[in-house]
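[1] structure, please.
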Amino acid sequence: MDVVVGPALGLLYQLINLYTWVVIIGVIMSWLIAFNVINLSNQFVRMIYDVVSRLTEPLLGQIRRFLPDLGGVDISPVILILLLWFAKDVIARLALRMM
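    Now for the predicted structure:
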């Protein structure tokens, strides 16, 4: 059983780590677009932003439903990153218990 579960936990840990970076990239891109540093008229930028939005928006939308209105400040990425860190910690502790 450890032969399958150990690598599966490692893979899940790395996928959560990768998803955390996708969330961070999405936040940075939204700031750059808001301050007109990069614009969506460039097809490559639009394609990257579309992929990042499609990956992150389902979870961020769920978090936004429970947050109060903070007047233009969106803290849902911060909450999502904290939840992802918590999930990584749980996975790491499970992996340590298995050894």
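
[2] what does stretch 9-20 contact?
    55, 81, 84-85, 87-88, 91-92, 94-95, 98 (Cβ atoms under 8 Å, 6 or more residues apart in numbering). (Each C-beta comes from the backbone N, C-alpha and C, glycine too.)

[3] next, the buried residues of it.
    9, 13, 16, 19-20 (16 or more other Cβ atoms under 10 Å).

[4] pick out whichever of the contacts of stretch 9-20 sits closest to Val3.
    Checking the contacts of stretch 9-20 against Val3 with Cβ to Cβ, the nearest one is Met98 at 10.7 Å.

[5] what residues does the closest one make contact with?
    2, 5-6, 9.

[6] just the ones of those in helices?
    2, 5-6, 9 (DSSP state H).

[7] okay, these in TSV with pLDDT next?
    Formatted as TSV, these follow (pLDDT from 0 to 100):
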residue	pLDDT
Asp2	71
Val5	86
Gly6	84
Leu9	92
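
[8] Ser41 and Ile33, how far apart?
    Between Ser41 and Ile33 the distance is 11 Å, computed by Cβ to Cβ, to the nearest Å.

[9] one more: Ile75?
    19 Å.

[10] more neighbours, these two?
    The neighbour comparison of Ile75 against Ile33 (other Cβ atoms under 10 Å) goes to Ile33, with 15 against 12.

[11] quick check: the more buried one touching Leu40?
    Yes - using Cβ atoms under 8 Å, Ile33 makes contact with Leu40 at a distance of 6.4 Å.

[12] got any residues that touch both of these two?
    Common contact partners of Ile33 and Leu40 (Cβ under 8 Å, 6+ apart): Tyr49.

[13] from the ones in helices among the contacts of Met98, list the buried ones, please.
    Leu9.

[14] let's have the ones in helices among the contacts of Met98 in CSV, adding distance to Leu67.
    Shown next, in CSV, are the ones in helices among the contacts of Met98 (distance: Cβ to Cβ, whole Å):
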residue, distance to Leu67
Asp2, 40
Val5, 35
Gly6, 36
Leu9, 30
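
[15] that concludes my questions; thank you for your assistance.
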